[in-house]
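*Asks:* Fold the following for me, if possible:
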Amino acid sequence: MSRTGNQINKEARVILGEFALEIVDAVPTPASFELGFSRYNMTLSPGECALIECQSAPLISAFFDFCMGLIPVSQGNIRCLGLEWSQLSSIQANALRGKLGRTFQVGGWLDLLETETNILWPNLHHTSLPEKLLIETATDLAVKFGMPGLPLLPPKQLSPLDSKRSQCIRAFLGYPEVLFFENPVSLEHPDFYNAFMNILGQARERGAAILWASNNPSIWENTGLEFCQRFRLDDDGLFPKKEMF
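*Replies:* Below you'll find the model as predicted:
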């Protein structure tokens, strides 16, 4: 990693401060047709969780891109770990994204590479964590999620369940400080679901902030997440919800 990349990773821990993610009156650029011209607001502290109900996979993917600085703002600002995306160079922004984890409901893989390489690549590229440690940690996550080890098949050859498991391994790997989940688990696979909830709780305990989007809000019932922030995301924007489960 470049010296600049290492520096931004160190600075992020110092600047973190009050909010892990802060979105203030942020309006996407006109090129983002999925998000429209809505004004977005959200503040998420370290260890806090935001549950987002959304029925559109492209919409939630675009919103997470927006949160991660991949879609520029035309008004307002978005800060991640205390750093404003619009003020960062591309090298600095990529280094900051090395401190984030994410799953994708659709895509998110480099199909020419084995799944194992896909899982390890972001941390090998964006962080200075030793490769041996990454492999050991990723393998441990794979076993906890019910796999015999890291999958070697290309992503297109994975079963839907193994694809979700692999996405979650990659997301949790490297001790990310903000995690973005697009429909990561379902109730159809209780062992995987329970393992995911356990590892999610551990991540929150060490201070990771969570954004979890789902088209099935019943997945959050009786999980200890009742007092998390709740939102609805649709074509008109992002709206807080006050009701409990």
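
*Asks:* Assign a three-state SS to the residue sitting nearest the centre point of the chain, would you?
*Replies:* Nearest residue to the geometric centre of the chain (Cα atoms, centre = their mean): residue 180, 2.0 Å. The three-state label given to residue 180 by DSSP: H, G, I helix; E, B strand; the rest coil is strand.

*Asks:* Could you report the pLDDT at it?
*Replies:* Residue 180 is assigned 99 on the pLDDT scale.

*Asks:* Assess the claim that it and residue 103 are in contact.
*Replies:* Yes: between residue 180 and residue 103 there is a contact under Cβ atoms under 8 Å: 7.3 Å. No exception for glycine: its C-beta is placed from N, CA and C like everyone else's.

*Asks:* okay, and the common contacts of these two?
*Replies:* residue 171 (Cβ atoms under 8 Å, 6 or more residues apart in numbering).

*Asks:* quick one: the strands in the protein?
*Replies:* Along the chain, the segments classed as strands by DSSP state E run 21-28, 40-44, 49-53, 73-80, 83-84, 100-102, 178-182, 209-214, 229-234, 237-240.

*Asks:* To residue 164, which of the ones you listed lies closest?
*Replies:* strand 178-182 (10.2 Å; Cβ to Cβ).

*Asks:* other SSEs contacting that closest one?
*Replies:* If contacts are counted by 3 or more Cβ pairs under 8 Å, 6 or more residues apart in numbering; DSSP states H and E, strand 178-182 sits against helix 57-67, strand 100-102, helix 160-172, strand 209-214.

*Asks:* For the ones you listed, give me CSV that also has mean pLDDT and distance to residue 49.
*Replies:* Listed next are the helices and strands packed on strand 178-182 as CSV, based on pLDDT from 0 to 100; distance: least, Cβ to Cβ, whole Å:
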stretch, mean pLDDT, distance to residue 49
helix 57-67, 97, 14
strand 100-102, 97, 14
helix 160-172, 97, 14
strand 209-214, 98, 4
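
*Asks:* Can you lay out the ones you listed as TSV showing distance to residue 132 and mean neighbour count?
*Replies:* As requested, these are exported to TSV (distance: least, Cβ to Cβ, whole Å; neighbours: other Cβ atoms under 10 Å):
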stretch	distance to residue 132	mean neighbour count
helix 57-67	30	21
strand 100-102	20	25
helix 160-172	16	22
strand 209-214	28	23
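
*Asks:* want to try TSV for those, with distance to residue 24 as columns?
*Replies:* Shown next, in TSV, are those (distance: least, Cβ to Cβ, whole Å):
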stretch	distance to residue 24
helix 57-67	12
strand 100-102	19
helix 160-172	26
strand 209-214	16
